[in-house]
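*Asks:* with the input below, show me the fold.
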Amino acid sequence: CEKALMIRRRALGEDHPDTAQTYNNMATVYKSQGAYTKALEYYEIAHAAFERTLGAAHSNTEMALHGVERTRAALEPTSCGQYVGMGVLMLVCLPCLPCICWWAKR
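*Replies:* All right, here's what the predicted structure looks like:
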């Protein structure tokens, strides 16, 4: 993956939509492996590049922003200090609830 990114960056430049898509794809892989910090870095790069080249309202820009938001949420502890991660509970967009804390402690 890193090699593909290097090739795209060299051939197309940082601000090409295909390069941004490669960053987004790699972020998804890192997220699925639990490497949320690296995933967030790549989602942010993809989002910025998509926004510069395609505009804020483009579906690719919105997709990358969604990745940024979900990954940031996975990196933040709940109010009880537990990390929820990218599990099913990420679908809950509410402050920490007792049931979330119970689930995270299992």
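
*Asks:* tell me which helix or strand the residue most central in space within the chain sits in.
*Replies:* When CA atoms, centre = their mean is applied to the chain, the residue found nearest the centroid is Gly67 (3.3 Å). Following DSSP states H and E, one finds Gly67 within helix 59-75.

*Asks:* picking up where we left off before, relative to Met26, how far out is the residue nearest to the centre of the chain?
*Replies:* Plainly put, Gly67 is 11 Å away from Met26 if you go by CB to CB, to the nearest Å. Placement of C-beta: from N, CA and C, glycine included.

*Asks:* pLDDT value on the nearest residue to the residue nearest to the centre of the chain once chain neighbours are set aside, please?
*Replies:* Leaving aside its chain neighbours, Gly67 sits nearest to Tyr43 (4.0 Å; criterion: CB to CB, 6 or more residues apart in numbering). Looking at Tyr43, its pLDDT stands at 97.

*Asks:* same thing with the one 3 residues further on?
*Replies:* At Ala46, the model reports a pLDDT of 96.

*Asks:* cool, the one 3 residues further on as well?
*Replies:* Note on Ala49: pLDDT of 96.

*Asks:* that one: which element?
*Replies:* Taking DSSP H and E as the definition, one finds Ala49 inside helix 36-54.

*Asks:* coming back round to it: is the residue nearest to Gly67 in contact with Asn24, as I believe?
*Replies:* Yes. Assessed by CB atoms under 8 Å, Tyr43 is found in contact with Asn24 at 6.7 Å.
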